[in-house]
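Trainee: pasting a predicted model and its sequence here:
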Amino acid sequence: MTMLPMEYSLRGLTRGRGRTVLALMGSLVAGALIATASAFLGGMESALGSTASPSRVIVMGAGSEESLERSEIGARVPGVLSASVQGIRRTAGMEHVSAETHVALPIAVDGAEAASDNGLVRGVGPAALLVHPNVQLTGGRWPERGAGEVLVGSSAMRRLGVDPAAAIGSRVVLAGAPLTIVGTMQAPGSTIDGEWWMPLEDLTTLMRRETISCVIVDLDRATIGDVQAFTLSRLDLELAVLAERDYYASLLAFFAPVRVLVAVVATLMALAAALGGASALAAAFSERVRENAVLETLGYPRHAVILDVLLQCTIVAVSGAAVGGLLAQWLFGGMLVEFSMGTFALQFDARATLLAAVTGFVVAIVAAFLSTWRWIGLPTPEALRTT
């Protein structure tokens, strides 16, 4: 006889119920924290990654490659670029060249005393829908130039506490200017879903500037080298060009300290909860020194008893951590997180669930070690006399 029966292991969980419940709660909290941290990191990576396309390049001001919000280029650059670079993608005779202005501004629902949100506002023209094909109008219409109208992403409205389905017709105050929402859009999984779009001319007038932030170009036969050759041939325009994927990859690297901080804080909090759960389990099982010795005298080897303790700890810790991960998904799934580039949603996926389960298994191993280390060092006769 080498292994203890499963019935014995399951029956052992019913003893010391108070400590078992404490261990279960510690594992649950640890699993929820780890799953939420993983969802945060995964959501940011997914949002920045899905916003970029391998065929698009961004032409911006030289020296502003790290932020489109700081970039400024001349308003005539899109026309000069279109005339100078051959091989830009076309649809129905219209080139995929989008002149855009990006700026972060305070936004409030009309009637509010103070701004309730800071949103990324993008000044665009009709070509924006060509270079951002993942954007879909879900209601209303495109804003008209000079009419004080704006198009809003579904995530942006949810941040203001307004149902996107009832957003059309609502009035907001953007940097002190009243605007009417005439359309809603969505771009699932990307930062654009949390942006505000308005006609390029209206935004430049509101910001009292004559320049734009960038030109986004969707390439067909042309390559990024062709666009770079254009920027080098027109040094007077002071331009720089980046592949869209490289730009968003640099943003992800820029936010690396934030991601590390979130991971470290979540890990430390989860570690505290995990150690509490492991201590409760260890306290419940460490009282069974005499019981383990009796099992040994009945013919069960020590490794079988240790495996039984590990099994019981695993059942408690892994189940608690898995429930914690599912509970976090239920409570925080889809929660929007605001950052300088817009918003992203917490993304609970298989990685988050797996990390929660791994956290529970680590708690089980620690608890099993703490539970058996005293008994392992005792001879069987002495263990039988232990109270």
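Mentor: Received it, and whenever you're ready, just let me know what you need. Numbering: from 1, shown residues only.
Trainee: Ser82 touches Met94, doesn't it?
Mentor: No - Ser82 sits out of contact with Met94 when judged by Cβ atoms under 8 Å, with a separation of 10.5 Å. Using the backbone N, CA and C atoms, a C-beta is placed for each residue, glycine as well.
Trainee: so where's the stretch 151-300 of the chain uncertain?
Mentor: Within the stretch 151-300 of the chain, the ranges that satisfy pLDDT under 70 run 281-299.
Trainee: quick one, strands of it?
Mentor: 171-174, 177-186, 195-199, 214-218, 239-243 (DSSP state E, counting those that start in this stretch).
Trainee: name the helices or strands packed onto the fourth one?
Mentor: This means strand 214-218. Other helices and strands packing on strand 214-218, by 3 or more Cβ pairs under 8 Å, 6 or more residues apart in numbering; DSSP states H and E, are strand 56-61, helix 77-84, strand 97-109, helix 128-131.
Trainee: what pairs with the first one, parallel or antiparallel?
Mentor: Read it as strand 56-61. Within its sheet, and counting by DSSP bridges, strand 56-61 is paired with strand 214-218 (antiparallel), strand 239-243 (antiparallel).
Trainee: for those, give me JSON lines that also has distance to Ala350 and mean neighbour count.
Mentor: Listed next are those as JSON lines, based on distance: least, Cβ to Cβ, whole Å; neighbours: other Cβ atoms under 10 Å:
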{"stretch": "strand 214-218", "distance to Ala350": "33", "mean neighbour count": "25"}
{"stretch": "strand 239-243", "distance to Ala350": "30", "mean neighbour count": "21"}
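Trainee: including distance to Leu252, could the ones you listed go into a markdown table?
Mentor: Putting those into a markdown table (distance: least, Cβ to Cβ, whole Å) gives the following:
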| stretch | distance to Leu252 |
| --- | --- |
| strand 214-218 | 19 |
| strand 239-243 | 14 |
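Trainee: just name the most buried of the helices and strands packed on strand 214-218.
Mentor: Most buried of the helices and strands packed on strand 214-218 by mean neighbour count (mean count of other Cβ atoms under 10 Å) is strand 56-61; its value is a mean of 24.
Trainee: distance between that strand and the chain's centre?
Mentor: 25 Å (Cα atoms, centre = their mean, to the nearest Å).
Trainee: again, but for stretch 161-168
Mentor: Centre to centre, stretch against its chain (Cα atoms, centre = their mean), the figure for stretch 161-168 is 23 Å.
Trainee: buried ones in that stretch, by neighbour count?
Mentor: Of the residues in stretch 161-168, those with enough neighbours to count as buried (16 or more other Cβ atoms under 10 Å) are 162, 164, 167-168.
Trainee: what is the nearest of these to Gly225?
Mentor: In terms of Cβ to Cβ, no member of these lies closer to Gly225 than Pro164, at 41.4 Å.
Trainee: burial count for the nearest residue to Ala274 once chain neighbours are set aside?
Mentor: Nearest residue to Ala274, sequence neighbours excluded (Cβ to Cβ, 6 or more residues apart in numbering): Ala30, at 4.2 Å. The local packing count at Ala30 equals 32, with neighbours defined by other Cβ atoms under 10 Å.
Trainee: surely Ala30 touches Ala278?
Mentor: No - with contacts defined as Cβ under 8 Å, Ala30 does not count as touching Ala278, sitting 9.5 Å away.
Trainee: quickly list what's touching both of those two.
Mentor: Common contacts of Ala30 and Ala278, defined by Cβ atoms under 8 Å, 6 or more residues apart in numbering, comprise Val363.
Trainee: tabulate the buried residues of stretch 161-168 (CSV), appending distance to Leu307.
Mentor: CSV is the format used below for these (distance: Cβ to Cβ, whole Å):
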residue, distance to Leu307
Val162, 56
Pro164, 54
Ala167, 59
Ile168, 63
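Trainee: between those residues, which sits nearest Ala352?
Mentor: Nearest to Ala352, judged by Cβ to Cβ, of the buried residues of stretch 161-168 is Pro164 at 26.0 Å.
Trainee: now that closest one: how far from Met157?
Mentor: According to Cβ to Cβ, to the nearest Å, Pro164 stands 5 Å off from Met157.
Trainee: spell out which residues are contacts of both of the two.
Mentor: Looking at what touches both Pro164 and Met157 (by Cβ under 8 Å, 6+ apart), the common residues are Thr184.
Trainee: in three-state terms, how would Asp121 be classified?
Mentor: Quick fix: residue 121 reads Val, not Asp. strand (DSSP: H, G, I helix; E, B strand; the rest coil).
Trainee: which residues does it bridge with?
Mentor: Assessed by DSSP bridges, Val121 has beta-bridge partners Val103, Trp196.
Trainee: closest one to Glu66 among the strands paired with strand 56-61?
Mentor: Within these, the stretch nearest Glu66 is strand 239-243; the backing value is 9.9 Å (Cβ to Cβ).
Trainee: can I get the closest one in PDB, CA atoms only?
Mentor: The C-alpha coordinates for strand 239-243 follow below in PDB (Å, rounded to 0.1, in the frame of the first residue of the first chain):
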ATOM      1  CA  LEU A 239       9.500  65.900 -40.600                       C
ATOM      2  CA  ALA A 240      10.100  62.400 -39.100                       C
ATOM      3  CA  VAL A 241       8.500  59.100 -40.100                       C
ATOM      4  CA  LEU A 242       7.800  56.100 -38.000                       C
ATOM      5  CA  ALA A 243       6.000  52.800 -38.700                       C
END
